[in-house]
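>>> below is the sequence, then the predicted model.
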Amino acid sequence: MRDRRQHLAPELLGWYDNHARAMPWRVSPSDRLVGVVPDPYQVWMSEIMLQQTTVVTVRNYFLKFIARWPTVFDLAAAKDEDVMAAWAGLGYYARARNLLKCARVVADELGGKFPVDEPDLQKLPGIGPYTSAAIASIAFDRSATVLDGNVERVMARMFSVLEPLPASKEQLRGLAKSMLPKSRFGDYSQAVMDLGATVCTPRNPSCGVCPWTKDCVGRKQGIADTLPNKTPKAKKPTRLGICFIAQGKNKDVLLERRPDKGLLGGMLGWLGSEWAEDEPEFAPPFDANWEKLSSEVRHTFTHFHLRLQVYVCAPLDKLPQNIGVVIADFDDADLPTVMRKAWQLAHKA
């Protein structure tokens with residue numbers, strides 16, 4: 001393998017030239033060859049959106065954001081609530097808050113230019129080791145080791161790394177670094193991620209069409225599809241909560257703006273209780289003829305499952321003005337997914 005390693009990157013790049021996935025934020029290999037360079041703003045935005053989210057989900061959000069805020073200066077000048085509303089449904093809302101913070105630092109302090117090197121990129125809000133490596137490599141063609149789940153899987157199989165993740169992460173990072181080419185760093189980073197996403201898939205990998213199949217130790221040992229090993233995750237707890245949906249006769253609704261810090265920070269949501277493992281005790285936010293729905297909302301976050309009981313009342317002549325936020329032109333698409341589920345459940349009742 002060590003003697004062959006210098007040939008593996010060119011082989012993968014040759015495969016990528018013919019099989020690169022088309023993405024709205026990506027410059028194709030053929031365009032790169034004629035001098036087209038990636039837009040660092042678009043690379044950064046796509047990488048923030050892709051954290052813990054699939055390409056299929058991100059595509060439309062990315063296009064919507066770029067159409068509305070085409071430059072980092074546009075995004076930096078946007079209202080917080082507009083960006084949070086546009087992000088609704090994409091999940092992991094701390095990313096949206098950091099997106100705004102980072103845009104404002106780049107626009108106000110760096111003249112609209114993203115740093116080129118990983119250490120400087122990591123000084124920006126929301127940019128950690130993976131994201132900094134991806135931006136440095138893809139946007140600026142710097143030699144950087146990009147290690148996402150796809151790359152971890154490819155390296156674990158190529159070298160038959162049996163130690164489970166996350167303990168094996170640094171070993172996999174070292175192996176990924178050893179495979180870097182001498183040029184075309186951005187294309188290579190995207191190539192190895194594409195290989196993991198389309199060929200070296202978690203289940204039923206297509207080893208027969210993989211450009212690295214003859215060098216894959218895991219395949220030779222007949223265990224490629226079982227790797228990487230992972231330490232079992234602890235069982236997620238279940239939390240319980242209550243929410244109250246109030247609507248006026250003129251179709252306005254009563255919501256609250258959640259605190260900036262914490263889960264769904266800065267997002268709009270229905271008034272209600274805290275979410276805890278004990279049965280919540282919570283009085284309605286104001287006097288009305290509240291009706292408890294027979295069904296409940298079930299939603300899973302990263303660290304826990306949520307069961308949310310929903311209360312509704314008949315449309316009111318006038319919504320209270322001293323609590324929450326009254327929204328006149330309400331669109332449930334502006335809500336985070338769990339709150340949208342509650343609205344949809346209420347309208348099925």
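On my side now, so go ahead. Numbering: from 1, shown residues only.
>>> give me the residues contacting the helix or strand where Leu100 lies.
Under the criterion of DSSP states H and E, Leu100 resides in helix 94-109. The set of residues external to helix 94-109 that reach it, using CB atoms under 8 Å, 6 or more residues apart in numbering, is 44-45, 48-49, 51, 72-73, 75-78, 80, 83-84, 87, 90, 112-114, 124-127, 260, 265-266. Where you see a C-beta, it was placed from the backbone N, CA and C, and this is true even at glycine.
>>> which strand residues bridge the nearest residue to Met339 once chain neighbours are set aside?
Nearest residue to Met339, sequence neighbours excluded (CB to CB, 6 or more residues apart in numbering): Gly269, at 4.6 Å. Gly269 has these beta-bridge partners by DSSP bridges: Glu256.
>>> neighbours of Gly269, how many?
Per other CB atoms under 10 Å, the neighbour tally for Gly269 reads 18.
>>> tell me the contacts of it?
Cys243, Leu255, Glu256, Arg258, Leu335, Pro336, Val338, Met339.
>>> tell me the buried residues within the contacts of helix 94-109.
Neighbour-count burial (16 or more other CB atoms under 10 Å) applied to these gives 44-45, 48-49, 51, 72-73, 75-76, 78, 83-84, 87, 90, 114, 124, 126-127, 266.
>>> so what pLDDT did the residue nearest to Asn229 when sequence neighbours are not counted get?
Using CB to CB, 6+ apart and skipping residues adjacent in sequence, the residue nearest Asn229 is Pro164, 4.1 Å away. Pro164 is assigned a predicted lDDT (pLDDT) of 97.
>>> just checking, Pro164 touches Thr226?
No - the pair Pro164 and Thr226 fails to qualify as a contact (CB atoms under 8 Å) at a distance of 11.5 Å.
>>> Glu296: which element?
Short version: Glu296 belongs to strand 290-300, going by DSSP H and E.
>>> name the residues of that strand that are buried.
So for strand 290-300, counting by 16+ other CB under 10 Å, buried means Leu293, Glu296, Val297, His299.
>>> and which of the residues you listed is nearest His305?
Distance to His305 across these (CB to CB) is lowest for His299, with 7.5 Å.
>>> which one is that closest one nearest to, not counting chain neighbours?
Closest to His299 by CB to CB, 6+ apart is Val338, at 4.2 Å.
>>> residues touching the one you found, list them.
Shown in contact with Val338 (CB under 8 Å, 6+ apart): Leu264, Gly269, Val297, His299, Leu306, Leu308.
>>> ok, of the residues you listed, which one's closest to Pro237?
Leu306 (10.1 Å).
>>> which residues does Ser46 contact?
Taking CB under 8 Å, 6+ apart, one finds Met23, Trp25, Val58, Phe62 in contact with Ser46.
>>> if you set the cut-off to 7 Å instead, what comes out?
Going by CB atoms under 7 Å, 6 or more residues apart in numbering, Ser46 touches Trp25, Val58, Phe62.
>>> reformat those residues as CSV; add secondary structure.
Shown next, in CSV, are the contacts of Ser46 (DSSP: H, G, I helix; E, B strand; the rest coil):
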residue, secondary structure
Trp25, coil
Val58, helix
Phe62, helix
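>>> low pLDDT regions in the stretch 151-300 of the chain?
Along the stretch 151-300 of the chain, the model assigns pLDDT under 70 to no residue.
>>> in the chain, which spans are helices?
5-19, 29-33, 40-50, 55-68, 72-76, 80-87, 94-109, 118-121, 129-140, 149-158, 169-178, 185-198, 217-220, 337-346 (DSSP state H).
>>> reformat these as CSV; add distance to Ser206.
As requested, those are arranged in CSV below (distance: least, CB to CB, whole Å):
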stretch, distance to Ser206
helix 5-19, 11
helix 29-33, 21
helix 40-50, 23
helix 55-68, 18
helix 72-76, 39
helix 80-87, 34
helix 94-109, 32
helix 118-121, 32
helix 129-140, 24
helix 149-158, 12
helix 169-178, 21
helix 185-198, 8
helix 217-220, 11
helix 337-346, 32
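>>> mind checking which of these is nearest Asn250?
Closest among the helices of the chain, using CB to CB: helix 337-346, at 17.1 Å.
>>> can I get the CA coordinates of that closest one in PDB?
Provided in PDB are the C-alpha atoms of helix 337-346 (Å, rounded to 0.1, in the frame of the first residue of the first chain):
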ATOM      1  CA  THR A 337     -39.900  21.700  12.300                       C
ATOM      2  CA  VAL A 338     -41.200  20.700  15.700                       C
ATOM      3  CA  MET A 339     -43.400  23.900  15.900                       C
ATOM      4  CA  ARG A 340     -44.600  23.300  12.400                       C
ATOM      5  CA  LYS A 341     -45.600  19.800  13.400                       C
ATOM      6  CA  ALA A 342     -47.700  21.200  16.200                       C
ATOM      7  CA  TRP A 343     -49.500  23.700  13.800                       C
ATOM      8  CA  GLN A 344     -50.200  20.900  11.300                       C
ATOM      9  CA  LEU A 345     -51.500  18.600  14.100                       C
ATOM     10  CA  ALA A 346     -53.800  21.400  15.300                       C
END
